[in-house]
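Student: no sequence on this one, just coordinates:
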Ligand code: GYE
């Protein structure tokens, strides 16, 4: 009898221990200075961090939405330093201007993980690790696809007029994607870059910019290169409101985009966006891996690029080559859209 009681008491104690809350003191504190909430990509990114860095998973996440304001982002990082957070994660709005505050974090002994976009710093040791996308490669892939598509459809020698609705100026996502296009326009003498203007990665600004470009360039625009999906949604609205058409035909305006969100790929499936070059926002698990490595006293990889795909509305181009590597092009159907996590 006594033995049975003891076993029961032990079981009860074990159960209560299992149900015990993790005390705030035991949680790993993570400050995330997030860019803002400008796009569907960003919303998916924020959600992903909230899912991964939950209290159940042993974290206390302080996520600050910096609303695309550089000063607010620097302020957020300084607040994390003053709170002595265990880790600081930054998705830098701009790539420039980080040396001082990163030095402050280093002096305070707080590891900084840069995510998504890149920082331009005088000394790489100012941050612990970086994980994100190769934006210039994304731009190169998109341009290589356009070239192949125009050739396949008998327009390889035609004068092609392109407008670039850029992302937030100074963001590495903008710098890389714009460069990919600009370089291709220099190489392809029949491509004219009529205009480049920022749509700030938002739908409303994308629409506004496209409206003004359509007024200025009348019937001249063949291709609009939107640096993210939300700008593409806005541009499509502006084009149709102006009585013009988007699509895959010779008389349509070809809309190109980046991100490949579910909504973006739905427009690809419907032929409104002809090409969507993927940019993956699900960085939470990758950042957690870095933090776990640091907790275990290991040195994480300094820089990690994520693998990204290419999605098209048409099957004319099966693969593209960029930086010496071949990338398959996926034609979007319902199954592809269903399988998207964001
Ligand atoms: O393409 C855009 C977002 O930095 C990669 O920012 C990110 C970009 C993404 O607002 O939709």
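Tutor: Yep, it's here. Quantities reported herein were computed from a predicted structural model and do not represent experimental measurements.
Student: which residues of the stretch 201-342 of the chain lie near the ligand?
Tutor: Proximity of the stretch 201-342 of the chain to the ligand (CB under 6 Å from any ligand atom) is limited to residues 201, 228, 258, 259, 279. Using the backbone N, CA and C atoms, a C-beta is placed for each residue, glycine as well.
Student: ok, 8 Å please
Tutor: Neighbours of the ligand within the stretch 201-342 of the chain, by CB under 8 Å from any ligand atom: 201, 227, 228, 229, 230, 258, 259, 279, 281.
Student: among these, name the ones in helices.
Tutor: Judged by DSSP state H, these include 229, 230 as members of helices.
Student: what's the most distant pair in the residues of the stretch 201-342 of the chain next to the ligand?
Tutor: The most widely separated members of these, counting by CB to CB, are 227 and 281 (14.8 Å).
Student: those two: who's more crowded?
Tutor: With neighbours defined as other CB atoms under 10 Å, residue 227 and residue 281 compare such that residue 227 has more, 34 against 27.
Student: tell me the contacts of the closest residue to that one other than its chain neighbours?
Tutor: In space, residue 227 comes closest to residue 167 once its chain neighbours are excluded; the distance is 4.1 Å by CB to CB, 6 or more residues apart in numbering. Counting by CB atoms under 8 Å, 6 or more residues apart in numbering, residue 167 makes contact with 173, 174, 177, 198, 199, 200, 201, 227, 228, 231.
Student: which residues touch the fifth one?
Tutor: Neighbour list for residue 199: 165-167, 205-206, 208-210, 226-227, 231, 234-235 [criterion: CB under 8 Å, 6+ apart].
Student: those residues in strands, which ones?
Tutor: Counting by DSSP state E, those place 165, 166, 226 in strands.
Student: and those residues, which is closest to residue 136?
Tutor: Nearest to residue 136, judged by CB to CB, of these is residue 166 at 13.8 Å.
Student: model confidence score at the closest residue to the closest one other than its chain neighbours, please.
Tutor: Nearest in space to residue 166, with sequence neighbours left out and distances taken as CB to CB, 6+ apart, is residue 198 at 4.6 Å. The per-residue pLDDT reported for residue 198 equals 98.
Student: the one 5 residues further on too?
Tutor: The confidence metric pLDDT takes the value 98 at residue 203.
Student: state the distance from residue 71 to residue 205.
Tutor: As judged by CB to CB, to the nearest Å, residue 71 and residue 205 stand 20 Å apart.
Student: neighbour-wise, which of these two wins?
Tutor: residue 205 (19 against 10).
Student: these two touch, right, the more buried one and residue 198?
Tutor: Yes. Residue 205 lies in contact with residue 198 (CB atoms under 8 Å); the separation is 7.3 Å.
Student: so who does the closest residue to residue 207 other than its chain neighbours touch?
Tutor: Leaving out its chain neighbours, the residue that sits closest to residue 207 by CB to CB, 6+ apart is residue 234, at 3.2 Å. Residues near residue 234 by CB under 8 Å, 6+ apart: 199, 202, 203, 204, 205, 206, 207, 208, 209, 210.
Student: for stretch 147-165, buried residues please.
Tutor: Of the residues in stretch 147-165, those buried under the neighbour-count criterion (16 or more other CB atoms under 10 Å) are 147, 148, 149, 150, 160, 161, 162, 163, 164, 165.
Student: and that stretch, how far apart are its ends?
Tutor: Length of stretch 147-165, first residue to last, CA to CA, to the nearest Å: 19 Å.
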